[in-house]
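>>> using only what follows, build the 3D model:
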Amino acid sequence: MKPRLLVVLLALLAVACSKPNDNAEIDLNIDYEVNGKHLVIDTLCYVNEAGNKFLITEIQWFLSNIEFQDERGGWHILQHQNDMDVLSLPQDRIFYFDTNITKNQTIGMGSIPIGKYTTIRFTFGLNEVDNQTGLFTDPPESDMFWPDMLGGGYHYMKLNGKYLDTEGRLTPLAIHLGIGQNEDCTEFYQNYFIVELPIDFTVKANTENQLNLTMVIDNWFRNPHTIDFNEFGSHIMQDQVAQRFLKDNGKDVFRIGKPTDNENNTIMEKDNKLAEKFNNVMQKAAPKPHFWSWESVKERIENSKIQDSKI
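The predicted model follows:
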């Protein structure tokens with residue numbers, strides 16, 4: 001290669017490398033909170049507004065049409081990072097979350113123009129345009145199907161667990177949200193809702209742009225409606241009153257913010273792993289199911305530390 005040509009190529013390469021990126025990618029971290037603490041699966045330690053004691057075994061749900069508003073008021077919709085730039089399919093802008101899938105708790109959303117953003121907006125569940133039977137052909141998304149006779153499409157959310165009923169029995173808890181219907185299934189009602197939250201978020205080039213979206217689970221069961229599991233704890237797929245109450249309550253279920261440092265995230269992961277091991281042992285060793293809970297054990301340990309420090 002001629003020296004002069006080599007110099008020109010190197011100059012072009014330098015210009016290309018120094019040119020700032022116009023867009024950058026965003027990661028969204030999903031977290032769950034109950035009674036002011038991080039969710040611990042399969043532990044009977046939570047109490048709702050109605051006084052029902054309960055545990056959660058899994059949460060599976062859809063979020064769609066995530067948009068960010070820039071300082072000038074323009075909206076930018078996001079899709080999966082590995083999808084094409086053109087929004088051609090509903091699946092491109094629908095995100096599925098599942099507490100049973102660890103890697104599913106952080107999603108990569110496609111590129112967005114660098115700059116400052118003031119608002120995030122998204123749909124909880126799927127709207128009437130996107131929520132079509134057969135949209136997903138593979139699990140786990142396809143397992144979220146909503147029966148055609150009840151309106152078709154997919155569940156917005158399956159929140160499963162157990163609660164202590166009025167007789168002290170551990171009873172299945174199934175908070176399943178989706179399309180509602182009248183008694184003879186001749187009219188259907190859309191129960192998805194749109195959440196809009198203020199943010200102070202700057203997307204930068206060549207860096208990890210991350211946000212934390214927290215589902216405050218106990219808010220599903222209060223404000224403006226107090227949900228008593230003895231009345232609305234299970235089999236609510238055909239109960240539009242329960243569906244509407246939960247839709248109303250869902251407006252303040254979500255909280256958005258910047259992630260804390262990695263140390264806090266590591267502590268949370270370790271705590272969840274310890275809780276899982278503890279629950280597995282206690283299922284075999286405890287005289288009664290959930291006789292001891294991980295939360296009560298931690299509380300005893302913390303109290304012991306406090307007492308030791310006073311000596």
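
>>> so the residue nearest to Ser142 when sequence neighbours are not counted, which of the three states?
The shortest distance from Ser142 to any non-neighbouring residue, by C-beta to C-beta, 6 or more residues apart in numbering, is to Phe136 (4.5 Å). In this view, the C-beta of every residue, glycine as well, is placed from N, C-alpha and C. Secondary structure, DSSP: H, G, I helix; E, B strand; the rest coil: Phe136 is coil.

>>> next one: Lys103
Assigned by three-state DSSP, the conformation of Lys103 is helix.

>>> what about it, distance to Thr207?
Using C-beta to C-beta, to the nearest Å, Lys103 is found at 22 Å from Thr207.

>>> just the strands in the stretch 101-250 of the chain please.
Listed in chain order, the strands of the stretch 101-250 of the chain (DSSP state E, counting those that start in this stretch) span 106-113, 115-124, 157-164, 170-177, 180-181, 188-189, 193-203, 209-216.

>>> which of Lys103 and Thr207 has more neighbours?
Between Lys103 and Thr207, counted using other C-beta atoms under 10 Å, the more crowded position is Thr207 (11 against 7).

>>> and the residue nearest to the more buried one when sequence neighbours are not counted, how many neighbours?
Nearest residue to Thr207 in three dimensions, chain neighbours excluded: Ala24, at 7.3 Å (C-beta to C-beta, 6+ apart). The tally of other residues near Ala24 (other C-beta under 10 Å) stands at 17.

>>> just confirm Ala24 is within a helix.
No - per three-state DSSP, Ala24 lies outside any helix segment and is strand.

>>> check contacts around the closest residue to Asn65 other than its chain neighbours.
In space, Asn65 comes closest to Thr123 once its chain neighbours are excluded; the distance is 4.7 Å by C-beta to C-beta, 6+ apart. Neighbour list for Thr123: Leu63, Ser64, Asn65, Tyr192, Phe193, Ile194, Val195 [criterion: C-beta atoms under 8 Å, 6 or more residues apart in numbering].

>>> got a ChimeraX select line for the buried ones in the residues you listed?
For the buried members of those, the matching ChimeraX selection, counting by 16 or more other C-beta atoms under 10 Å, is:
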select :63,64,65,192,193,195
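
>>> can you lay out the contacts of Thr123 as a markdown table showing pLDDT and distance to Gln79?
Formatted as a markdown table, the contacts of Thr123 follow (pLDDT from 0 to 100; distance: C-beta to C-beta, whole Å):
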| residue | pLDDT | distance to Gln79 |
| --- | --- | --- |
| Leu63 | 95 | 12 |
| Ser64 | 95 | 10 |
| Asn65 | 94 | 10 |
| Tyr192 | 97 | 18 |
| Phe193 | 98 | 21 |
| Ile194 | 97 | 18 |
| Val195 | 97 | 18 |
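
>>> appreciated, that's everything.
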